[in-house]
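Undergrad: Here's a sequence, model it:
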Amino acid sequence: VQLVESGGALVQPGGSLRLSCVASEVASGGTFSDYSMAWFRQAPGKEREFVATIMSDGRNTYEESLKSRFTVSRDNAKNTVYLQMNSLKPEDTATYYCAGDLTRTMRRGVHEFEYWGQGTQVTVSS
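TA: Reported below is the predicted structural model:
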């Protein structure tokens, strides 16, 4: 599975962004809807951290501190997962990564996802 993120940008504090992640070359015999999809982020000098996971049926889980401002969604027909980020803060500055795994289990760990995109940069600054 190839994952390609887009939508990262420089945005002012308080602004919003929507990130997208398109999956291609889905495993033979499977479909995008078979995959658990997640967003992680990594700030300079810090470890990669969990943001949100969404299952095929829309069930999701978030890093608790981000839940009020971030929304994860997916469009299985378009092989795409989204991350809507509102009320952005400078501490949200990071490279945001899309991840996927062929599982029906809700996962949150970095090491629990097999497929990763290259990341998209989000910078929140005035």
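
Undergrad: Ramachandran angles for residue 59?
TA: phi -60, psi 140 (degrees, to the nearest 10).

Undergrad: Same check on residue 102?
TA: Dihedral angles of residue 102 (phi, psi; degrees, to the nearest 10) stand at phi -80, psi 90.

Undergrad: Quick check: closest non-adjacent residue to the spatially most central residue of the chain.
TA: By C-alpha atoms, centre = their mean, the chain has its centre lying nearest to residue 39, at 2.3 Å. Once flanking residues are discounted, residue 39 sits nearest to residue 51: 4.1 Å by C-beta to C-beta, 6 or more residues apart in numbering. C-betas here are computed from N, CA, C, even on glycine.

Undergrad: Give me the pLDDT for the nearest residue to residue 17 once chain neighbours are set aside.
TA: What sits nearest to residue 17 in space, not counting adjacent residues and going by C-beta to C-beta, 6+ apart, is residue 85, at 5.0 Å. As predicted, residue 85 sits at a pLDDT of 98.

Undergrad: Residue 85: neighbouring residues, count only.
TA: Neighbourhood size, residue 85 [other C-beta atoms under 10 Å]: 24.

Undergrad: my guess is it meets residue 9, correct?
TA: No. Taking contacts as C-beta atoms under 8 Å, residue 85 lies outside contact range of residue 9: 10.7 Å.

Undergrad: where do the contact lists of those two overlap?
TA: Residues touching both residue 85 and residue 9 by C-beta atoms under 8 Å, 6 or more residues apart in numbering: 17, 122.

Undergrad: before we move on, the earlier item: what's around the residue nearest to residue 39, how many residues?
TA: 24.

Undergrad: Identify the residues contacting it.
TA: For residue 51, the contacting residues are 38, 39, 40, 41, 62, 63, 66, 70, 72, 83, 96, by C-beta under 8 Å, 6+ apart.

Undergrad: quick revisit: what pairs with the residue nearest to residue 17 across the strands?
TA: Partner residues in beta bridges with residue 85, using DSSP bridges, are residue 17, residue 70.
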